[in-house]
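Asker: Could you work out the structure for the sequence below:
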Amino acid sequence: MDWSALVTLTHGLEQFLLPNACVSCDKPVGGGTDDRLVCSVCIARLRALGGGCLRCQQPLPLIGPCRFCSDWPAALKTVRSAVWMTDESRRMIHHLKYEGYWRVGMDLANVMVRHVTKPVPRTLLPIPLGTRRARQRGYNQAACLARGLAVRWGMGVDDRTLRRATETRSQTTLTPDERARNVADVFVATRGREEPTSAVILVDDVLTTGATLASAAGTLERAGWNQIHAVTFARVMPFEVSVGQHDPQRM
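Answerer: Numbering: from 1, shown residues only. Reported below is the predicted structural model:
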């Protein structure tokens, strides 16, 4: 038996005796999917987005146009998210960001590909972390998602054009206004747009108020980009969606 066959056999035996446990429910992933860290049952429980504002996909208000994206830079053309933030998606993101399970990024990217229409641009720009946080975490969760999307969508990943110039507070406990101030002018574009037709896709794990994506898009817009799109894995539910009171006709 050659070495590669022995490695394959050993890996298969390992997965049979010690199968991966789902990071959401702790049950074996099963199904012969030895590289996955999220089981099919938990993926099926995720709640996909649908309809909404043509630009940002947020549920429309009962009266008037969308206010969620009204203050965004003009260059930020579309933002799409795969699923709503639920208990399942929150656990998946927590393991990706804080527990060192960087390989979860591929599982979440597969969910994004399933629920988000492939954008036209061919370059993915993950939202960067600050230097200190990147060093503590050991990786950038947005870059993990971007690499997973790159494989499925056949795109390139550019993790050098956009960087954080300053460290920021955690956004978790901040109000919408505090979030906007926290990320205002924190990004720097290390180079300008290369060609008139260039367009990019920002990638992040969660959309809450849109402040981070808007700040990053504003930086790129000032550097010359005028076609910016964005995708995220999850999105925090508006109150009317979480309690089931939203009119589906306005979605």
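Asker: I'd like to check what contacts stretch 141-155. Which residues are they?
Answerer: Residues outside stretch 141-155 that contact it (CB atoms under 8 Å, 6 or more residues apart in numbering) are 93, 96-97, 102-110, 112-113, 118, 121-129, 156-157, 159, 201, 203-205, 231, 233. Backbone N, C-alpha and C define where each C-beta goes, glycine included.
Asker: Pro121 against Leu202, yeah?
Answerer: No. With contact defined as CB atoms under 8 Å, Pro121 does not reach Leu202; the gap is 10.1 Å.
Asker: Mind listing the shared neighbours of those two?
Answerer: What both Pro121 and Leu202 touch, as defined by CB under 8 Å, 6+ apart, is the set His229.
Asker: out of the two, which sits in the more crowded spot?
Answerer: For Pro121 versus Leu202, the count of surrounding residues by other CB atoms under 10 Å is larger for Leu202: 24 against 18.
Asker: where's the more buried one relative to Asn140, distance?
Answerer: Per CB to CB, to the nearest Å, Leu202 is found 13 Å from Asn140.
Asker: Overlap of the contact sets of these two?
Answerer: Counting by CB under 8 Å, 6+ apart, the contacts common to Leu202 and Asn140 are Pro126.
Asker: and stretch 206-223, which residues are buried?
Answerer: For stretch 206-223, burial by neighbour count (16 or more other CB atoms under 10 Å) applies to 206-221, 223.
Asker: roughly how far out does that stretch sit from the chain middle?
Answerer: 13 Å (CA atoms, centre = their mean, to the nearest Å).
Asker: What are the boundaries of the helices in the stretch 51-200 of the chain?
Answerer: 87-98, 104-115, 131-137, 141-153, 176-183 (DSSP state H, counting those that start in this stretch).
Asker: Pick out the shakiest of the ones you listed, pLDDT-wise.
Answerer: Mean pLDDT is lowest for helix 176-183 out of those, coming in at a mean of 57.
Asker: count of residues packed around the residue nearest to Met112 when sequence neighbours are not counted?
Answerer: Residue nearest to Met112 in three dimensions, not counting chain neighbours: Ala82, with 4.4 Å by CB to CB, 6 or more residues apart in numbering. When counting by other CB under 10 Å, one arrives at 23 neighbours for Ala82.
Asker: same check, this time on Thr166
Answerer: Using other CB under 10 Å: Thr166 sits among 11 other residues.
Asker: Any regions of the stretch 1-150 of the chain where pLDDT drops low?
Answerer: Low-confidence segments of the stretch 1-150 of the chain, defined by pLDDT under 70: 1-19, 30-34.
Asker: What ranges does it have for its strands?
Answerer: Taking DSSP state E, counting those that start in this stretch to define them, one finds strands in the stretch 1-150 of the chain at 76-84, 123-126.
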